[in-house]
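# got a structure for you, letters missing:
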């Protein structure tokens, strides 16, 4: 039965980057929407996160202009295409990969001439593909002046279609280097100045980020359809499209997982639905990459499909985020708050182009796809905008080393509400769209905290956090503290030049637990607030953190006793007994004393519901990595 069902399912378009690749596999027909776009606008820009289908959109449009609708049999556009074949000259190019390999010499200096030649080479290749027998080849064009002179001659007796995919890649890949960013921006600005001069009959520019001063959004009269409700579902799958087009896949996946189709759809929705880009907050979308990858598991073997982070794993969505954070250090509490509350962003923040200096963390998250529109927010308040405060970790004046570039980046910064829009602007409550994206954000955030890269010890992080969760599940507090020290010793906060508060340790440790478990901070009752509470199995652990400037046994014992008295006096953990977090759970109090000099847990104590005390001390850990 499994083999029969598997054979009936058409292959998913994994890795497809062109209309030719797509039409040979399973696809959702968006051609009527594309026709509506082309017949109503002739100069368009469209911004979406990676893996939403921007490259295939450009390829589909290129095929239509080159060949008419002859390659679109059975689609909605067949018989409706208003133009004849051979009426247009088409250039379909991508800037993906540019800007990362345009450096020369021992000092790694950005070479603008090299980038210009690379763009010319890509345009030459695009001409070869669309017009292989051209009488006006671009082979000798190695500057924009030569290139656009050739383009003008080539298209003199035809109409010109220019499609530019991933226009912003050279800029986003240099968010950690202001000099290279501006050098790349100069080249791109020059390119678009020539584009404006030749006035193509149809122009499509796609990307992820909006940057100003590139002659793109200024002077080219581009229609930005990114937040337009009519084109909200041009890329991505709606709930209706999922249920109407994926019926056989849904049926087979439910059978293999031994669940109802309704239950399967609910789980798919929680994992992968929720992207919203339109200014009315009406259209919710699934990322095609996630849905295609999930159902592709049905065509590659008989096993049950698994819910994985397909989008974040395959799209390198964290690249711009990691590049941005590389030269900045944002407080753990700010990064954590996004998971708990989301944030509020104005239409201005979501749609306005930025310079290098103006790129802000929250709009960056939204444009990369980590945050998405949840709802339109009317009557915005100061309390709402307070969630937009993104604070960096600020060292004390005595600890600042003026020669340390990392420490110099730690000045206290705020994403001022004035830069995010004024009170009269339209605001949106923005959150993580689904579980997949939230997990991907936490992973990227984790690697930032640990100075990890995806090319580095990428297997160690999931191993360490898994072992941490197992230790706590088993009630082994000594091993729990030991694994926390393994993580703390390699963190960005191990740098002694950075002054940190107890709350930073709390947020940091919460993040470690949150990677695998449920963790909450500062849980209040009528008497006070516990530092951290973590649910695992049938236990809820109530954590209290203390800092010590001394490692003497007497000083540490005093802090352990004080913390125990504080827990008992304030009845931490005795909250709403009917809350799912506490219902039927065994409460265990855990105290960690952190020694300031080593910035590691030096001692611990646990007290269970029967009053059983256990405690211990830990040895200092050495660096596993050499980042600091």
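Sure, I can see it. Predicted model, so just to flag it, every value in this text is computed and none were measured.
# Next, the buried residues of stretch 597-610.
Buried positions in stretch 597-610, judged by neighbour count with 16 or more other Cβ atoms under 10 Å: 598, 599, 600, 601, 602, 603, 604, 605, 606, 607. From N, CA and C alone the C-beta is placed, and that goes for glycine too.
# what about it, average pLDDT?
Averaged over stretch 597-610, pLDDT sits at 87.
# Out of the buried residues of stretch 597-610, which comes closest to residue 304?
Nearest to residue 304, judged by Cβ to Cβ, of the buried residues of stretch 597-610 is residue 606 at 38.8 Å.
# which residues does the nearest residue to residue 253 once chain neighbours are set aside contact?
Using Cβ to Cβ, 6 or more residues apart in numbering and skipping residues adjacent in sequence, the residue nearest residue 253 is residue 305, 5.3 Å away. Applying Cβ atoms under 8 Å, 6 or more residues apart in numbering to residue 305 gives the contacts 253, 256, 257, 294, 295, 297, 298.
# Residue 514 now?
339, 442.
# And it, how close does it get to residue 508?
11 Å (Cβ to Cβ, to the nearest Å).
# ok, now residue 256?
For residue 256, the distance to residue 508 equals 40 Å [Cβ to Cβ].
# correct me, but residue 197 touches residue 148?
Yes: the pair residue 197 / residue 148 is scored as a contact, 7.0 Å apart, by Cβ atoms under 8 Å.
# who's more crowded, these two?
Taking other Cβ atoms under 10 Å, residue 197 and residue 148 do not tie; residue 148 has more neighbours (20 against 10).
# Could you tell me the model confidence score at that one?
For residue 148, pLDDT reads 95.
# ok, now which ones touch the residue nearest to it when sequence neighbours are not counted?
Distance criterion Cβ to Cβ, 6+ apart; nearest residue to residue 148, sequence neighbours excluded, is residue 194 at 4.3 Å. With contact set as Cβ under 8 Å, 6+ apart, residue 194 has these partners: 144, 145, 147, 148.
# show me what contacts the second one?
Looking back up the chat, that one is residue 145. So residue 145 contacts residue 194 (Cβ under 8 Å, 6+ apart).
# where's it, which helix or strand?
helix 144-154 (DSSP states H and E).
# In terms of helices and strands, where is the residue nearest to residue 148?
Per DSSP H and E: helix 178-198 holds residue 194.
# Assign the most centrally placed residue in the chain to helix, strand or coil.
Central residue of the chain (Cα atoms, centre = their mean): residue 370, 4.0 Å from the mean position. Following DSSP: H, G, I helix; E, B strand; the rest coil, residue 370 is assigned to coil.
# is it true that it touches residue 437?
Yes: Residue 370 is in contact with residue 437 according to Cβ under 8 Å; the separation is 6.0 Å.
# quick revisit: can you pull the residues that touch both of residue 197 and residue 148?
By Cβ under 8 Å, 6+ apart, no residue touches both residue 197 and residue 148.
# Can you check the pLDDT for residue 436?
Taking residue 436 on its own, its pLDDT is 88.
# swap in residue 585?
75.
# and it, how many neighbours?
By other Cβ under 10 Å, neighbour count at residue 585 equals 19.
# cool, residue 176 as well?
14.
# got a pLDDT number for it?
Residue 176 is assigned 81 on the pLDDT scale.
# Give me the secondary structure label for it.
coil.
# how about it, phi and psi?
phi -100, psi 0 (degrees, to the nearest 10).
# Surely it touches residue 324?
Yes: contact between residue 176 and residue 324 holds when scored by Cβ under 8 Å: they sit 7.2 Å apart.
# and the residue in the chain sticking out farthest from the centre, helix, strand or coil?
Residue distances from the centre of the chain (Cα atoms, centre = their mean) peak at residue 554, which lies 47.1 Å from the mean C-alpha position. Following three-state DSSP, residue 554 is assigned to helix.
# Look up how far residue 52 lies from it.
Residue 554 sits 60 Å away from residue 52, going by Cβ to Cβ.
# Tally up the residues packed near residue 375, please.
Residues near residue 375, counting by other Cβ under 10 Å: 12.
# Quick one, grab the pLDDT at it.
Looking at residue 375, the pLDDT reads 93.
# What residues are bridge-paired with it?
In this entry, residue 375 is beta-bridged to residue 429, by DSSP bridges.
# Point to the helix or strand of this structure where mean pLDDT is at its lowest.
helix 405-408 (a mean of 28; mean pLDDT, DSSP states H and E).
# Please report how far the closest residue to residue 165 other than its chain neighbours lies from residue 119.
In this structure, residue 165 finds its nearest non-sequential neighbour in residue 94, 4.2 Å apart by Cβ to Cβ, 6+ apart. Noted for residue 94: a distance of 10 Å to residue 119, by Cβ to Cβ.
# One more: residue 56?
From residue 56 to residue 119 the distance is 22 Å (Cβ to Cβ).
# just residue 358 next, same as before
25 Å.
# For those two, work out which one has more neighbours and name it.
residue 119 (21 against 12).
# does the more buried one sit in a helix or strand, and which one?
helix 112-130.
# got the buried residues for that helix?
For helix 112-130, burial by neighbour count (16+ other Cβ under 10 Å) applies to 115-124, 126-127, 130.
# Over to the spatially closest residue to residue 477 that is not a sequence neighbour. Which of the three states is it?
In space, and not counting its chain neighbours, residue 477 is closest to residue 606: 4.7 Å by Cβ to Cβ, 6+ apart. Secondary structure assignment for residue 606 (three-state DSSP): strand.
# Same check on residue 590?
strand.
# Counting neighbours, what do you get for it?
Counted with other Cβ under 10 Å, residue 590 comes out at 24.
# what separates it from residue 605, distance-wise?
Taken as Cβ to Cβ, the span from residue 590 to residue 605 is 7 Å.
# go on, residue 276?
Residue 276 is 47 Å from residue 605, by Cβ to Cβ.
# and the helix or strand harbouring residue 45, average pLDDT?
Per DSSP H and E: residue 45 is located in strand 43-47. For strand 43-47, mean pLDDT is 94.
# One more: stretch 114-121?
Mean predicted confidence for stretch 114-121 is 95.
# Just the residues contacting it, thanks.
Applying Cβ under 8 Å, 6+ apart, the set of residues contacting stretch 114-121 is 93, 95, 98-99, 102, 104, 138, 141-144, 146-147, 170, 184, 187, 190-191.
# Can you tell me the number of residues neighbouring residue 566?
Counted with other Cβ under 10 Å, residue 566 comes out at 18.
# let me fix that: residue 78
Quick note: residue 78 (other Cβ under 10 Å) scores 14 neighbours.
# what's it sitting at in phi/psi?
Residue torsions, per degrees, to the nearest 10, at residue 78 are phi -60, psi 130.
# Is it in contact with residue 69, as I believe?
Yes: between residue 78 and residue 69 there is a contact at 5.2 Å, judged by Cβ under 8 Å.
# Can you tell me the SS state at the nearest residue to residue 595 once chain neighbours are set aside?
Once flanking residues are discounted, residue 595 sits nearest to residue 602: 3.9 Å by Cβ to Cβ, 6+ apart. With three-state DSSP as the basis, residue 602 sits in strand.
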